[in-house]
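*Asks:* Sharing a model prediction with you, sequence too.
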Amino acid sequence: AQRVTQPEKLLSVFKGAPVELKCNYSYSGSPELFWYVQYSRQRLQLLLRHISRESIKGFTADLNKGETSFHLKKPFAQEEDSAMYYCALSVNSGGYQKVTFGTGTKLQVIP
Amino acid sequence: KAGVTQTPRYLIKTRGQQVTLSCSPISGHRSVSWYQQTPGQGLQFLFEYFSETQRNKGNFPGRFSGRQFSNSRSEMNVSTLELGDSALYLCASSKILAGESYEQYFGPGTRLTVT
């Protein structure tokens, strides 16, 4: 069965410092990985997906199949980045997609 | 295009009661998933419906059930409520089209408090 691990429940960084939110997954095939974000009093929303290889709000994430990781990075943290971040894995199971979320990491950016 | 809507937004129930939550997906989305979100456990998958059929189910007791109607609207029911069922229940919809990335669109959630 697939699994997503986010080892940190809380990550505190100072404004302007680099950020790395860790995500490791277990799946033997070719997964699709996502990062979702939930800002205070807002709904959960997609931040980025690995197939797009894009940078959203300064965040990037590279899929490392050798290390089965999909860490989220940003070179300089901003106060507005404070939020709950979830890593998610989508796999094809029996002809349809099955999604597994990690337990989430709360990012706190200290002014 | 209207987003995913959930009703009610807040609910207070007592132990032993049952509750029904409703979710209306984005127009054209045929897949609806339900999640339980708590501070301690994070986001936990309950079940997913597609074309009125349950396709996936998480590790929740049988007190948690759901259904999907022909217009893709979905309901979730929890019977014999326990204090530990207090949580934010999120609904998410997805297109599920061949070749499309499986992106989920979330609703605002229903905050259930069991006393």
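*Replies:* Yes, it's here. Numbering: from 1, shown residues only, chains lettered A, B, ... in the order given.
*Asks:* Please enumerate the strands of the chain.
*Replies:* All of this is about chain A. Listed in chain order, the strands found in chain A under DSSP state E are A:3-5, A:10-14, A:19-21, A:24-26, A:32-38, A:45-49, A:60-61, A:72-74, A:83-93, A:96-101, A:105-110.
*Asks:* Hmm, no, I was thinking of chain B.
*Replies:* According to DSSP E, chain B carries its strands in the segments B:5-7, B:10-13, B:19-24, B:31-38, B:42-50, B:53-57, B:64-68, B:74-78, B:87-94, B:105-106, B:110-114.
*Asks:* Please tabulate these in TSV, including the columns mean neighbour count, distance to chain A and mean pLDDT.
*Replies:* For every residue, glycine as well, the C-beta is placed using N, CA and C. What follows is the strands of chain B, written out as TSV (neighbours: other C-beta atoms under 10 Å in any protein chain shown; distance: least, C-beta to the nearest C-beta, whole Å; pLDDT from 0 to 100):
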stretch	mean neighbour count	distance to chain A	mean pLDDT
strand B:5-7	16	10	97
strand B:10-13	13	14	97
strand B:19-24	19	13	98
strand B:31-38	23	7	93
strand B:42-50	21	3	89
strand B:53-57	14	6	87
strand B:64-68	19	14	96
strand B:74-78	21	16	98
strand B:87-94	23	7	95
strand B:105-106	21	4	94
strand B:110-114	18	12	97
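*Asks:* could you dump the strands of chain A to TSV with mean neighbour count, distance to chain B and mean pLDDT?
*Replies:* Output for the strands of chain A, formatted as TSV (neighbours: other C-beta under 10 Å; distance: least, C-beta to the nearest C-beta, whole Å; pLDDT from 0 to 100):
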stretch	mean neighbour count	distance to chain B	mean pLDDT
strand A:3-5	16	10	93
strand A:10-14	14	11	97
strand A:19-21	19	14	97
strand A:24-26	17	15	95
strand A:32-38	22	6	93
strand A:45-49	18	5	91
strand A:60-61	21	14	94
strand A:72-74	20	16	96
strand A:83-93	21	4	88
strand A:96-101	20	4	79
strand A:105-110	17	9	97
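*Asks:* Tabulate the ones you listed (CSV), appending distance to residue B:34.
*Replies:* CSV is the format used below for the strands of chain A (distance: least, C-beta to C-beta, whole Å):
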stretch, distance to residue B:34
strand A:3-5, 18
strand A:10-14, 26
strand A:19-21, 25
strand A:24-26, 22
strand A:32-38, 16
strand A:45-49, 17
strand A:60-61, 26
strand A:72-74, 25
strand A:83-93, 15
strand A:96-101, 12
strand A:105-110, 23
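*Asks:* what residue is smack in the middle of chain B?
*Replies:* Nearest to the geometric centre of chain B sits residue B:34, at 2.9 Å (C-alpha atoms, centre = their mean).
*Asks:* List the contacts of it.
*Replies:* Applying C-beta atoms under 8 Å, 6 or more residues apart in numbering or on different chains to residue B:34 gives the contacts B:23, B:45-48, B:66, B:74, B:76, B:89-92.
*Asks:* Identify the bridge partners of residue B:110.
*Replies:* residue B:89 (DSSP bridges).
*Asks:* how much space between residue B:39 and chain A?
*Replies:* 9 Å (C-beta to the nearest C-beta, to the nearest Å).
*Asks:* count of neighbours near that residue?
*Replies:* By the criterion of other C-beta atoms under 10 Å in any protein chain shown, residue B:39 has 11 neighbours.
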